[in-house]
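> Pasting a predicted model and its sequence here:
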Amino acid sequence: MFGTLYVVSTPIGNLEDITLRALRVLKEVDLIAAEDTRHTAKLLARYEIRTSTTSLHEHNEREKVPALLDRLKAGQSIAVVSDAGTPGIRDPGFRLVRAALDEHVRVEVVPGPSAVVSALVASGFPMETFTFVGFPPPKARARADWLGRVLAEPRTVVFFEAPHRIRETLDDLSRLAGDREVAVARELTKVHEEVLRGTPASVLARLASPRGEITVLLAPPPAGESADVPPPSDESISRAFAALLTESQTTRREAVSALAQRYHLPSKAVYAAIERQKARTTDG
């Protein structure tokens, strides 16, 4: 008879944020597959759990899945944990879960803390529907293009960012999103938990030395905003386009995407306005 694979959520900061069920499962399984065994050891020591551990991270998951699957098929039970939150969501665990399901091994999820949900609730932004989009690309041009697509979402958007890139990302948002409201959550559930809300520029100005993983939220565009604002002239669009190209390293495509978001227009309409104004200037 096959064993069970338990996907166990662990605290995202405060070690008290773990369920009784999670503690029981971690004590009873034959093995814990952890993203970082040294990090998980602190949690296990806190609750006097002596279950054996093995590493399962992004660099070895593909190679280790077959052996773990053999143990599950031999009747052993395994708990998979990440450093924080639920395994598989931007963390190792997906490949093992997929392989277990393909082999008809029972998979049970032990729910718990979530940085996405915690930050979403703390932001005060609409949460009836929302979109989680992982991490933005690290390179400047790819990130700006990615943010341009994200800003077109009609619902609240949640994503993660590394502390050494959060200032660049907020600077991009200030340039691309203008006064669109954002929230930046850091050190969630810890002593120095902080959620900063406001425009990207105002949040950037108040952001102290960031540490740990950061969760960023973008509020949806105000309902009916585009209907209340008169359409911009071709000249104003062209001036804004030229300013973006001159004042930053923005590409033409990124600049058009930013203006489309700013003026609530399709990218094709922005391109057309720029070309019309160029033709007028040439004819004149």
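Perfect, I can see it now.
> hey, where'd the strands end up in the stretch 1-150 of the chain?
Counting by DSSP state E, counting those that start in this stretch, the stretch 1-150 of the chain has these strands, from start to end: 4-8, 31-34, 53-55, 78-81, 106-110, 130-132.
> what separates the fifth one from the chain centre, distance-wise?
Spelled out, that is strand 106-110. Relative to the chain's own centre, strand 106-110 is displaced by 24 Å; criterion: C-alpha atoms, centre = their mean, to the nearest Å.
> For it, which residues meet the burial criterion?
The neighbour-count check on strand 106-110 (16 or more other C-beta atoms under 10 Å) flags Val110 as buried. Heads up, the C-betas are built off the backbone N, CA and C, glycines and all.
> For it, enumerate the helices and strands it packs against.
strand 4-8, helix 20-28, helix 94-102 (3 or more C-beta pairs under 8 Å, 6 or more residues apart in numbering; DSSP states H and E).
> Helices of the stretch 151-284 of the chain, start to end?
Under the criterion DSSP state H, counting those that start in this stretch, helices of the stretch 151-284 of the chain are mapped to 166-177, 200-206, 225-228, 234-247, 252-263, 267-283.
> and Phe2, how many residues sit next to it?
If you count neighbours by other C-beta atoms under 10 Å, Phe2 ends up with 16.
> Kindly apply the preceding question to Ala279 instead.
So Ala279, with other C-beta under 10 Å, has 11 neighbours.
> Isn't Glu61 up against Val97?
No - using C-beta atoms under 8 Å, Glu61 is not in contact with Val97, being 10.8 Å away.
> Contact partners for Leu5?
72, 77-80, 96-97, 100, 105-108 (C-beta atoms under 8 Å, 6 or more residues apart in numbering).
> May I ask which helix or strand of this structure has the lowest mean pLDDT?
Of all helical and strand segments in the chain, the minimum by mean pLDDT, DSSP states H and E falls on helix 225-228, at a mean of 42.
> First-to-last residue distance for stretch 238-255?
11 Å (C-alpha to C-alpha, to the nearest Å).
> which residues touch it?
140-141, 144-145, 148, 175-176, 232, 256, 258-259, 262, 270, 273-274, 277-278.
> try stretch 144-154
So stretch 144-154 is in contact with 131, 133, 136-137, 157, 159, 169, 172-173, 176-177, 180, 218, 220-221, 250-251, 253-254, 257-258, 260-261, going by C-beta under 8 Å, 6+ apart.
> CA atoms only: put it into PDB for me.
Extracted in PDB, the C-alpha atoms of stretch 144-154 (Å, rounded to 0.1, in the frame of the first residue of the first chain):
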ATOM      1  CA  ALA A 144       9.400  47.300 -17.500                       C
ATOM      2  CA  ASP A 145       7.700  45.400 -20.300                       C
ATOM      3  CA  TRP A 146       6.400  42.900 -17.700                       C
ATOM      4  CA  LEU A 147       5.000  45.700 -15.500                       C
ATOM      5  CA  GLY A 148       3.300  47.200 -18.500                       C
ATOM      6  CA  ARG A 149       1.400  44.000 -19.100                       C
ATOM      7  CA  VAL A 150       0.600  43.600 -15.300                       C
ATOM      8  CA  LEU A 151      -0.700  47.200 -15.100                       C
ATOM      9  CA  ALA A 152      -3.300  46.400 -17.700                       C
ATOM     10  CA  GLU A 153      -5.000  43.900 -15.300                       C
ATOM     11  CA  PRO A 154      -8.400  45.100 -14.200                       C
END
